[in-house]
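Visitor: Fold the following.
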Amino acid sequence: SEEVPDLAGSLLSMGRFNGMRPISSRVTSYDWHDSNAGQLAYTIEDEGEWRLHRVTGGFSPSLVTSTTPNGGTVAAWGDWGYAIQLPDARVQLLTPGGEPKDVEPGVALASHGSGWILVEDDGLKLVSAGGGVRRLDGSGVLETILAASFSPDGNQAAVLTRGGAVVVDLSDPEDIAVASRNGGGWVTWSSDSRFVVAPGSTGVSIYDVLNDESHRVFFGREILAARTLPLTSRQTDDLP
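Guide: Below you'll find the predicted structure:
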């Protein structure tokens, strides 16, 4: 996406590395599907209308739903539906077809393919796409949250604050492990839910959840973002 002078929102382009084409202007937000690679949802506000689109194959968007402008942005989505962040610090849940469901107070941080959404609301809570809520007592000690990510198995969450990244055991939220002492704008996991990859002061911090060990790589380099790539079909080891 890119800003265009005298045009509200952003210009969203899609394609492959050797060919990009504009898809839509006046885009106000976008987010990747939480479990299927290459699927994108985005919002537009234009001519007195708010629209939610998705791209699930090729580069042809399809309309999910539309309504009057509400300032909502897509915070998370998956096969379970959509979490739309409203400007008044509430989260509007939508069905996969775009029909409105519950509204929950807080800020949506991340989602898991199982249908759980991690929400900040004076601490952390888990909101089910089906409407259930479970507050994670003990997580209120966290500072301002910048980003979060579920582990692929759904048992833990990595939460990035201004003071660094921590790992929260969702079955025992008082069990918090420090993954990195540096803040940033992103945090991610290896596919086997063993390693947390987070920003370092320079380079990248890799935290081994199993052995409670941290490793630093790419010293002296400014890293904008990082992800992991499975080395084998079994996905037992990941390459950052």
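
Visitor: Now do the SS call for the residue nearest the centre of the chain.
Guide: With distances taken as C-alpha atoms, centre = their mean, A110 lies nearest the centre of the chain, 4.2 Å away. Secondary structure state of A110, per DSSP: H, G, I helix; E, B strand; the rest coil, is strand.

Visitor: biggest strand in the chain by residues?
Guide: The strand that spans the most residues within the chain, counting by DSSP state E, is strand 19-32.

Visitor: Following element in sequence after it, please.
Guide: Where DSSP states H and E defines the elements, the next helix or strand beyond strand 19-32 is strand 40-46.

Visitor: Show the average pLDDT along the following helix or strand past that following strand.
Guide: Next helix or strand after strand 40-46 toward the C-terminus (DSSP H and E): strand 49-55. For strand 49-55, mean pLDDT rounds to 96.

Visitor: so how far is strand 49-55 off the chain centroid?
Guide: Relative to the mean C-alpha coordinate of its chain, strand 49-55 is positioned 18 Å out (C-alpha atoms, centre = their mean, to the nearest Å).

Visitor: Which neighbouring elements make contact with the helix or strand that A76 is a member of?
Guide: Assigned by DSSP H and E, A76 falls within strand 73-78. The contact analysis (3 or more C-beta pairs under 8 Å, 6 or more residues apart in numbering; DSSP states H and E) places strand 73-78 against strand 19-32, strand 40-46, strand 81-86, strand 107-111. Using the backbone N, CA and C atoms, a C-beta is placed for each residue, glycine as well.

Visitor: So which elements touch whichever helix or strand comes after the last one?
Guide: This points to strand 107-111. For strand 107-111, the following helix or strand on the C-terminal side (DSSP H and E) is strand 116-120. On a contact count with 3+ C-beta pairs under 8 Å, 6+ apart, strand 116-120 meets strand 90-94, strand 107-111, strand 124-128, strand 145-150.
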